[in-house]
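# 3D model of this:
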Amino acid sequence: GRADMAHGDRGRRATRRLASLASHVATRGGDAAPRGTAVERASTSAPTIDRPEAWVAAAGECFGPGAWLAVDQARVDAFARCTEDHQWIHRAGAVTQFGGPIAHGLLTASLLPALMDGVLPRMGWVAQEINMGFNRLRFVSPVKVGARVRASAKLVSVRRLGKGAGGKGPDGTETVVSVAVSTDDKDSDAKPAMTCEWVTRQYAR
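All right, here's what the predicted structure looks like:
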């Protein structure tokens, strides 16, 4: 009935969200990606993790990089309006020490779900994922307006959560993923734009 359909939709949405934490292990040739579209979507050939035990065993593995995403002035302006952060260094035509306007650091952080789309394996066993925040987050180098960014990840740790009080809750894991966001700006000296440890929890179907 409708309840079964709703549950299935939630499960598919959760799987897509968790896929936004991740990709195929092999590095893809993203350097030649065109700048015409905002995002060059990642391949759909990422492996599927069917059991929490397999996800625990994957700790230490590296994934990505993911697809390029363009950070244009329209995106920066929209973020400034949404957050009411209108600092002049983000405005079109700004003359800065970086050679022009730069994106908000928090804009880069907010793009993580899009940047991580297709980077980690799909989670076939997951019905729901919760974003728990960050252990640490650093903005290492600026993202110039007009540059592209992409993400790579390392699975730092996966902790089993168990089924909660009385053993009646869903099985789950707490995942810590180290993420590095890089840019195609030739002046970045190969430094990442942003690094962080992203903490999420996954709950079984």
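# what is the burial count for His104?
Around His104 there are 19 other residues, counting by other Cβ atoms under 10 Å. For every residue, glycine as well, the C-beta is placed using N, CA and C.
# that one contacts Phe79, correct?
Yes: counting by Cβ atoms under 8 Å, His104 touches Phe79, with 5.8 Å between them.
# which neighbours do those two share?
Listed as contacting both His104 and Phe79 by Cβ atoms under 8 Å, 6 or more residues apart in numbering are Asp85.
# lowest-pLDDT helix or strand in this structure?
Lowest mean confidence among the helices and strands of the chain (mean pLDDT, DSSP states H and E): helix 2-19, at a mean of 46.
# direction included, what does the next helix or strand after that one pair up with?
The helix or strand immediately downstream of helix 2-19 is strand 48-49, counting by DSSP states H and E. Take DSSP bridges as the rule and strand 48-49 pairs in its sheet with strand 122-123 (parallel).
# and the next helix or strand past the strand it pairs with?
Using DSSP H and E, the helix or strand that follows strand 122-123 towards the C-terminus is strand 126-139.
# can you give me the buried ones in that following strand?
Residues of strand 126-139 classed as buried by neighbour count (16 or more other Cβ atoms under 10 Å): Val126, Ala127, Gln128, Glu129, Leu137, Phe139.
# tell me the pLDDT at the last one?
The predicted local confidence for Phe139 comes out at a pLDDT of 97.
# for the third one, same thing?
Gln128 carries a pLDDT value of 92.
# any idea how far Val179 is from it?
Counting by Cβ to Cβ, to the nearest Å, the gap between Gln128 and Val179 amounts to 21 Å.
# the last one too?
Separation of Phe139 from Val179 (Cβ to Cβ): 13 Å.
# spit out the residues that contact those two alike.
Shared contacts of Phe139 and Val179 (Cβ under 8 Å, 6+ apart): Met194.
# what about stretch 47-55, how long is it end to end?
Stretch 47-55 has its terminal residues 12 Å apart, counting by Cα to Cα, to the nearest Å.
# buried residues, it. List them.
Ile49, Pro52, Ala54, Trp55.
# how about JSON lines for those, with pLDDT added?
Formatted as JSON lines, the buried residues of stretch 47-55 follow (pLDDT from 0 to 100):
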{"residue": "Ile49", "pLDDT": "91"}
{"residue": "Pro52", "pLDDT": "91"}
{"residue": "Ala54", "pLDDT": "93"}
{"residue": "Trp55", "pLDDT": "94"}
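# spatially, which two of the residues you listed are the most separated?
Spatial extent of these (Cβ to Cβ) is set by the pair Ile49 and Pro52 at 8.2 Å.
# what touches both of those two?
Applying Cβ under 8 Å, 6+ apart, one finds that Ile49 and Pro52 are jointly contacted by Trp125.
# looking at the buried residues of strand 126-139, which is nearest Gly100?
Out of the buried residues of strand 126-139, the one with the shortest distance to Gly100 is Phe139. That distance is 17.2 Å, counting by Cβ to Cβ.
# contact partners for the closest one?
Gly105, Thr108, Ala193, Met194.
# now do the strand or helix carrying the second one, average pLDDT.
It refers to Thr108. Secondary structure assigned from DSSP H and E places Thr108 in helix 105-110. Throughout helix 105-110, pLDDT has a mean value of 97.
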